[in-house]
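Chemist: got a predicted structure plus its sequence, pasted below:
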Amino acid sequence: MSFKYLSSIFKCLVVLCTCYLSLSSYAQTTGGVFGPAVKEEHRSAQYRFAYDDESERYAQRLHYQQAVNGDVMWRMVMQARKTSEQSNDFDFVQGELFWQLAPDTKSWIYGLRFDLRARDDNRPAVAGMHFTNQLKISSKTTVRGILLTAKELGDDGRDGILLSTRARLDHKFSSTVSAGVDMYSVYGLTNDLRGASDQLHQFGPYVATVFAEHWFVFGSVLLGVTEPTPDKQFRIFLGRSF
């Protein structure tokens, strides 16, 4: 068995293990399975909407991102949500910094994302560091795995580090259409990890398409796997590159 073959197996295992090791409020999941690649001169904006069928609540998110160079990109995010008291309540504002660590020429690329989130209602701020991977299985098929870690800040912040993962299997059917399956999981704090029956897992299909040259739309359904997880969530993202 050649070293090249063993190396490919190892890379695939790293990505898949990361897939099954995601921090999210799981109220309405507006987060995506972001990849490690940064495109030089990239600029884009997105509107995201997520609806939880059981609670009949929803969240709306706006973000703008721009590459600094071929390795680094920044993003600003603002989110509002429907609560029991208000139909459009401010949720959080967040700054993000992406850093691609492996060149695009590799079949396995990876990188880091650093977050800082400020929330309302006297909830503690959150700092995060996430490790994202993408492995090209074929010219049209890729798999992604993200390990997310986050720490609540301040006197009201909980002890321990929050652990979660996100995963994606994606297939390109054409230059403008792709589809696949996403999975989101949450495991709890490092000092109080949840048992299997209390963990949160969602998975479901998605489809994405580019249209009118600079526009794209993404639609997905997430289904709950465990008892504490919401049964169904519907999401649609609309974006434009500049």
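Modeler: Cool, the structure landed.
Chemist: where do the strands sit along the chain?
Modeler: For the chain, applying DSSP state E gives strands covering 43-52, 57-67, 72-81, 89-100, 108-119, 126-136, 141-152, 162-172, 177-189, 192-193, 200-211, 215-224, 232-241.
Chemist: would you reformat those strands as a markdown table and include mean neighbour count?
Modeler: Quick note: C-beta positions are derived from backbone N, CA and C, even for glycine. Listed next are those as a markdown table, based on neighbours: other CB atoms under 10 Å:
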| stretch | mean neighbour count |
| --- | --- |
| strand 43-52 | 18 |
| strand 57-67 | 18 |
| strand 72-81 | 18 |
| strand 89-100 | 17 |
| strand 108-119 | 18 |
| strand 126-136 | 20 |
| strand 141-152 | 20 |
| strand 162-172 | 20 |
| strand 177-189 | 19 |
| strand 192-193 | 10 |
| strand 200-211 | 17 |
| strand 215-224 | 17 |
| strand 232-241 | 17 |
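Chemist: which one of those has the lowest average pLDDT?
Modeler: Mean pLDDT is lowest for strand 192-193 out of those, coming in at a mean of 86.
Chemist: contact partners for R194?
Modeler: R194 is in contact with 186-188, counting by CB atoms under 8 Å, 6 or more residues apart in numbering.
Chemist: mind doing that once more with 6 Å?
Modeler: G188 (CB atoms under 6 Å, 6 or more residues apart in numbering).
Chemist: let me know the distance separating it from Y206.
Modeler: Distance check for R194 against Y206: by CB to CB, to the nearest Å, it reads 26 Å.
Chemist: kindly report the same for N133.
Modeler: Relative to Y206, and taking CB to CB, N133 is found at 19 Å.
Chemist: K136 now?
Modeler: Taking CB to CB as the measure, K136 falls 19 Å from Y206.
Chemist: cool, and G180?
Modeler: Using CB to CB, we find G180 at a distance of 6 Å from Y206.
Chemist: distance of A67 relative to G188?
Modeler: Counting by CB to CB, the gap from A67 to G188 is 34 Å.
Chemist: wait, R48
Modeler: 25 Å.
Chemist: go on, H42?
Modeler: 35 Å.
Chemist: same check on K82?
Modeler: 26 Å.
Chemist: and H214, what does it touch?
Modeler: 240-241.
Chemist: for it, give me phi and psi.
Modeler: phi -110, psi 0 (degrees, to the nearest 10).
Chemist: tell me the confidence at it?
Modeler: Listed pLDDT for H214 reads 93.
Chemist: same question for S22.
Modeler: We have a pLDDT of 40 for S22.
Chemist: what does the one 5 residues further on give?
Modeler: Looking at A27, its pLDDT is 62.
Chemist: if I pick T209, what's in contact with it?
Modeler: Contacts of T209 by CB under 6 Å, 6+ apart are 176-177.
Chemist: meant to ask about D53, not that
Modeler: Taking CB under 6 Å, 6+ apart, we find D53 in contact with K232.
Chemist: how far away is D231 from Q202?
Modeler: Taking CB to CB as the measure, D231 falls 10 Å from Q202.
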